[in-house]
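> Pasted the sequence and its predicted model underneath.
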Amino acid sequence: MAKKKLIFIFSVFLMGFTVQTNEIYDACNPTEIKKKCKAALRPEFQYDASKSTKFTFKNKKQFKELEVPLYIGERYRFVFNTEGLPQPIDIEIYNKRYESKNREVMFSSREFSADQTEFIFEPERSRRVYIDYIVPPTADSLKKGCVIFALGYQIK
């Protein structure tokens, strides 16, 4: 009887340990990261909006596009913070949506160091832009994270 109890207790312990190690790692803390993005806008730009985009890393490439309308007569600053991601992703800004022909890259995070987590972009002209997040495939699908995007404006 004691042997059966010992086996049962060991089995429960082993199952608990297995469940514990299979938890998804989430590196995102949107509140703290958003504060850093807002600080990168000041003092020249007023905070307008922010967007938190969450990702669960998978064994296939992922793509997400955001559309941002910009108004004539204002200057803008885009701040991206990727410290809430367990691994780097690519951030690109285009003048046209993904399906369009002849779209031009206005910004790419690939031009920066791989360990950089904050990116700032100020478009030269006010018009609609498209932000593309490209998430590379990974063998470790137990990772989650987020990118925080903050938009600031300045009236010319």
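Looks like it arrived, so ask away. Numbering: from 1, shown residues only.
> what about Gly152, neighbour count?
24 (other C-beta atoms under 10 Å). In this view, the C-beta of every residue, glycine as well, is placed from N, C-alpha and C.
> Same check on Glu83?
17.
> Glu111 now?
Quick note: Glu111 (other C-beta under 10 Å) scores 9 neighbours.
> same check, this time on Glu122
That count, for Glu122 with other C-beta under 10 Å as the rule, works out to 13.
> Check Ala150 too.
For Ala150, using other C-beta under 10 Å, the count is 26.
> Same question for Gly73.
Using other C-beta under 10 Å, Gly73 has 8 other residues around it.
> Can you check what pLDDT the model gives it?
As predicted, Gly73 sits at a pLDDT of 91.
> Number the chain from 53, please
New numbering, starting at 53: the last item is Gly125.
> From Ile207, how far out is it?
Distance, Gly125 to Ile207, by C-beta to C-beta, to the nearest Å: 7 Å.
> Find the least confident helix or strand in the chain, judged by mean pLDDT.
Sorted by mean pLDDT, DSSP states H and E, the helices and strands of the chain end with helix 54-73, the least confident at a mean of 51.
> quick one: the closest residue in space to Ala166 that isn't next to it in sequence and Asn81, what's the gap?
Leaving aside its sequence neighbours, Ala166 sits nearest to Pro140 (C-beta to C-beta, 6 or more residues apart in numbering; 5.7 Å). For Pro140, the distance to Asn81 (C-beta to C-beta) stands at 18 Å.
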